[in-house]
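# Generate a structure from the sequence data that follows.
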Amino acid sequence: MERILLIVLVGTAGGLLAEKYHVPGGAIVGSMLGAALAATLIPGHFVVPGPLSTAIQIVLGITLGMTFERSTLGLFPKILPLAIASTVVLLVVIVLIAYLAEWLGLLDLATALFGLSPGGMSGMSLLAQAEGYRTDVVALLHTVRIFTLFLVVPLLDRLLRSWFN
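The predicted structure is shown next:
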């Protein structure tokens, strides 16, 4: 129990520090890095208990759901083809990279598919765990992807807007 509390405290501190210093995606990125650092430095294995994991997912789902507005529904038919096309393209690329990772002996195909998929980290990690794959590797791959996107996308946005304005 002390280990859990220490990880929570370090994760919270990381989130607050990253938010204070305006790191892109600060609260999420900082808490993720802080908790990961604590979890790797503190001996032992930690798994979030099922009911707590469910509660966290519900809070995340509610938080994301609250961002929708009535006007969003009108966009749905217009953006659905883009969403489907991007998903298909990403899945094709991910299958190719997953096969490459397996061929190079870096990861088994299933872990690579779960870890490289465009899905959210928590959802894909939970699916990987339910299927019996390396949740730690899946979470690591998603952490790198999300952290990179949190840093690159705002910069890319500024760069593209400056070019096109």
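
# per-residue confidence at L64?
Reported pLDDT at L64 in the predicted model: 81.

# Helix, strand, or coil at it?
Taking DSSP: H, G, I helix; E, B strand; the rest coil as the rule, one finds L64 in the helix state.

# now swap in L107 and tell me
Relying on three-state DSSP, one would call L107 coil.

# For it, the count of nearby residues, please.
L107: 21 surrounding residues under other C-beta atoms under 10 Å. Yep, even glycine has a C-beta here, placed from its N, CA and C like the rest.

# what's the pLDDT at the closest residue to it other than its chain neighbours?
Spatial nearest neighbour of L107, chain neighbours left out: A101 (4.5 Å); criterion: C-beta to C-beta, 6 or more residues apart in numbering. Listed pLDDT for A101 reads 96.

# Same check on V29?
79.

# which helices and strands sit right next to the helix or strand encompassing it?
Per DSSP states H and E, V29 falls inside helix 26-41. When contacts are defined as 3 or more C-beta pairs under 8 Å, 6 or more residues apart in numbering; DSSP states H and E, helix 26-41 sits against helix 2-20, helix 135-164.

# then that helix to PDB, C-alphas only?
The C-alpha coordinates for helix 26-41 follow below in PDB (Å, rounded to 0.1, in the frame of the first residue of the first chain):
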ATOM      1  CA  GLY A  26       1.400  18.800 -18.800                       C
ATOM      2  CA  ALA A  27      -0.900  17.200 -16.300                       C
ATOM      3  CA  ILE A  28      -1.100  13.900 -18.200                       C
ATOM      4  CA  VAL A  29       2.500  13.800 -19.500                       C
ATOM      5  CA  GLY A  30       4.000  14.900 -16.100                       C
ATOM      6  CA  SER A  31       1.900  12.500 -14.000                       C
ATOM      7  CA  MET A  32       2.700   9.600 -16.500                       C
ATOM      8  CA  LEU A  33       6.400  10.300 -16.400                       C
ATOM      9  CA  GLY A  34       6.400  10.800 -12.600                       C
ATOM     10  CA  ALA A  35       4.500   7.600 -11.900                       C
ATOM     11  CA  ALA A  36       6.600   5.600 -14.400                       C
ATOM     12  CA  LEU A  37       9.800   6.900 -12.800                       C
ATOM     13  CA  ALA A  38       8.500   5.900  -9.300                       C
ATOM     14  CA  ALA A  39       7.200   2.500 -10.500                       C
ATOM     15  CA  THR A  40      10.600   1.700 -12.000                       C
ATOM     16  CA  LEU A  41      12.700   2.900  -9.100                       C
END
